[in-house]
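Asks: I'd like to go over a predicted model; first the sequence, then the structure.
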Amino acid sequence: MTRKTRLRAALVTATAVVTAATVTAGVSAAGTEKRAGEPGKKQIAQLFDRWNAALRTGDPEKVADLYAKDAVLLPTVSNKIRTNHAEIVDYFEHFLKNKPVGKKVETIVNVLDRNSAIDTGIYEFTLTDPKTGEKSTVEARYTYEYEKRGGTWLIVNHHSSKMPEG
């Protein structure tokens with residue numbers, strides 16, 4: 001191997017090492033730093049509080065208004081997928097009869113960009129039987145996908161399923 005070839009090989013190797021270090025640092029920083037204009041994880045996590053407060057009003061329209069017009073709801077206590085405002089209202093008309101009060105048990109928030117985020121985890125609901133007044137608790141897994149539309153955070157996808165081992 002000539003001196004020129006060894007020099008070229010050393011230069012290529014050094015460039016690859018620097019590039020790899022830069023990419024690794026960028027990926028690590030991207031996971032921990034909030035980029036300008038992006039919401040914080042706490043802000044996204046608190047969107048559940050807004051939704052939970054809407055539940056407590058007992059008004060299915062107020063709850064459904066937190067969903068985008070093209071939202072998809074895969075609800076906990078219905079086999080039917082809800083894909084429009086009227087279907088989401090219908091679901092909450094039935095669900096709200098149980099006076100649900102939600103509480104997050106575990107939450108993991110991923111901010112995707114300044115206008116979209118995902119909140120996923122485990123929550124539990126205390127439900128009150130409308131006939132007997134008896135209370136029960138249901139633990140479920142959840143995923144909320146949010147998009148900021150017209151300056152307002154809306155739910156575009158909500159999946160909730162009862163814990164399989166519960």
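Replies: Good, I have the coordinates.
Asks: check which helix or strand covers the residue most central in space within the chain.
Replies: Centroid-nearest residue in the chain, with Cα atoms, centre = their mean: Asp119, separated by 2.3 Å. For Asp119, the enclosing helix or strand under DSSP states H and E is strand 116-128.
Asks: buried stuff in that strand?
Replies: Of the residues in strand 116-128, 116-117, 119, 121, 123-125, 127 count as buried by neighbour count, 16 or more other Cβ atoms under 10 Å. Just so you know, the C-beta spots here come from the backbone N, C-alpha and C atoms, and that holds for glycine as well.
Asks: and stretch 82-91, by the same measure?
Replies: Applying 16+ other Cβ under 10 Å to stretch 82-91 flags 82, 85, 87-91 as buried.
Asks: so Ser116 touches Tyr144, yeah?
Replies: No - look at Ser116 against Tyr144 with Cβ atoms under 8 Å: they stay out of range, at 11.3 Å.
Asks: hey, what's Ala117 bridged with?
Replies: Val111, Tyr146 (DSSP bridges).
Asks: next one, pLDDT for it please.
Replies: Ala117 carries a pLDDT value of 98.
Asks: quick one, what contacts it?
Replies: Counting by Cβ atoms under 8 Å, 6 or more residues apart in numbering, Ala117 touches 39, 44, 109-111, 145-146.
Asks: the same query, at a cut-off of 6 Å, please.
Replies: By Cβ atoms under 6 Å, 6 or more residues apart in numbering, the contact list for Ala117 reads 44, 111, 146.
Asks: pLDDT (mean, whole number) over stretch 159-166?
Replies: Stretch 159-166 comes out with an average pLDDT of 88.
Asks: on that earlier part again, of the contacts of Ala117, which is the nearest to Asp65?
Replies: Asp65 has its nearest neighbour among these in Tyr146, at 14.2 Å by Cβ to Cβ.
Asks: I'd assumed Asn157 was in contact with the closest one.
Replies: No - using Cβ atoms under 6 Å, Tyr146 is not in contact with Asn157; the gap is 8.8 Å.
Asks: ok so, going back, which among the buried residues of strand 116-128 gets closest to Met163?
Replies: Glu124 (9.0 Å).
Asks: all strands of this protein, in order?
Replies: For the chain, the strands defined by DSSP state E occupy 67-74, 101-113, 116-128, 135-149, 152-162.
Asks: got the ones you listed as TSV, with distance to Glu61 columns?
Replies: Converted to TSV, these look like this (distance: least, Cβ to Cβ, whole Å):
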stretch	distance to Glu61
strand 67-74	11
strand 101-113	18
strand 116-128	20
strand 135-149	18
strand 152-162	15
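Asks: could you list the low-pLDDT ranges of this protein?
Replies: For the chain, applying pLDDT under 70 flags the ranges 1-34, 166.
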